[in-house]
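Trainee: Next comes the sequence, and after it the predicted model I'd like to discuss.
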Amino acid sequence: MREVTAIAALRALLATERSAGRRIGLVPTMGSLHAGHLSLVDAARRESDTVVMSLFVNPLQFGPGEDFDRYPRDLERDRVLAAERGVDLLFAPTVDEIYGTGADLRLSGGEVAARWEGAVRPGHFDGVLTVVAKLFNIVGPDVVCFGQKDIQQATLIRRMIREFNFPIHLLLAPIVREADGLAMSSRNVYLSPAERDAALALSRALRAAEARWRAGESDANALRQLVGQVLAAVPGVVADYIAIVEPDALAPVARVTRGTIVALAARVGRTRLIDNVIFGD
Ligand code: PAF
């Protein structure tokens, strides 16, 4: 695995790969790698010849009072995991390399970015889209891989690819879960043992909703109520939102069909967690 921090050096290496006819796959991350990220490497590998992983904790997507400063960082460990999983090029730039001084322009996610996560974290998706568009321009990938866990992020990036004509194929990789159902997240390290137990309510609520749907319930309100009850039954878990939505614009639906997404966010102690299920997947 080669590691680069400079945009110019990365571009030079990728020009050689491209001229040898190799397809480029990109896995954007903020580091603190877990099995979920590594499954994205596998997915990118299946559809490309050279896999680039970016590792950059993007200040633009953290709001005031969010965890930018305490976001877990361990470059040494990430480097080993990425190399073991077969990443070819690790791009780990500094904030200066990406934004320089005085970077002022932002992409806007529009209406879709204002919903759900965006309502609780104003500006978050503008920061995500801005850095991802920059990564697309820096790397020029044929394929990019995102996790279903951040379903609103993946939906917005799919829309950005479409609306801004990036010639990139987006792969959505399924959520990777711990054996007990907890969706893998870099933020799980913040949970105390008791909070980690409580956090299982999120996946339990989603499983309950899908089971009820499979048993014949298609009314979104009834399913939302069920999810709310499962979350409320666990002390220390406070739901932020329960979204029952269609997959293109994440607009609420009244009736649930195959492909409908149930996405939720909840606070467990001081940690905010998200999870979702795509019905019928
Ligand atoms: O999902 C993440 O880790 C980040 O939001 C991303 C896509 C790497 C952009 O900073």
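Mentor: It's in.
Trainee: Please tell me how far the residue of the stretch 151-281 of the chain found nearest the ligand sits from residue 231.
Mentor: Per CB to the nearest ligand atom, residue 153 is where the stretch 151-281 of the chain lies closest to the ligand, at 5.7 Å. Every C-beta, even on glycine, is put in place using the N, C-alpha and C of the backbone. Distance of residue 153 to residue 231, given as CB to CB, to the nearest Å: 22 Å.
Trainee: can you check residue 20 too?
Mentor: 51 Å.
Trainee: which one of these two has more residues nearby?
Mentor: Neighbour totals were compared for residue 20 and residue 231, and residue 231 leads with 20 against 9 (other CB atoms under 10 Å).
Trainee: which residues does that one contact?
Mentor: Going by CB atoms under 8 Å, 6 or more residues apart in numbering, residue 231 touches 201, 202, 205, 237, 239, 242, 264, 266.
Trainee: buried residues in the host helix or strand of the third one?
Mentor: With secondary structure defined by DSSP states H and E, residue 205 is part of helix 193-214. For helix 193-214, a neighbour-count test (16 or more other CB atoms under 10 Å) marks 195-196, 198-206, 209-210, 212-213 as buried.
Trainee: For the stretch 101-250 of the chain, just list every one of the helices.
Mentor: Under the criterion DSSP state H, counting those that start in this stretch, the stretch 101-250 of the chain contains helices at 110-114, 117-120, 124-139, 151-163, 193-214, 220-232.
Trainee: quick one: which of those is nearest residue 48?
Mentor: helix 124-139 (11.2 Å; CB to CB).
Trainee: Looks to me like residue 258 is in a helix.
Mentor: No. Counting by DSSP: H, G, I helix; E, B strand; the rest coil, one finds residue 258 to be coil, located in no helix.
Trainee: ok, of the contacts of residue 231, which one's closest to residue 117?
Mentor: residue 264 (10.6 Å).
Trainee: Now name the helix or strand holding that closest one.
Mentor: Using DSSP H and E, residue 264 falls in strand 261-268.
Trainee: contact partners of that strand?
Mentor: 116-117, 120, 151-152, 191, 195, 198-199, 201-202, 205-206, 209-210, 223, 227, 231, 236-247, 250, 272-279.
Trainee: That one pairs with which strands, parallel or anti?
Mentor: strand 237-245 (antiparallel), strand 271-278 (antiparallel) (DSSP bridges).
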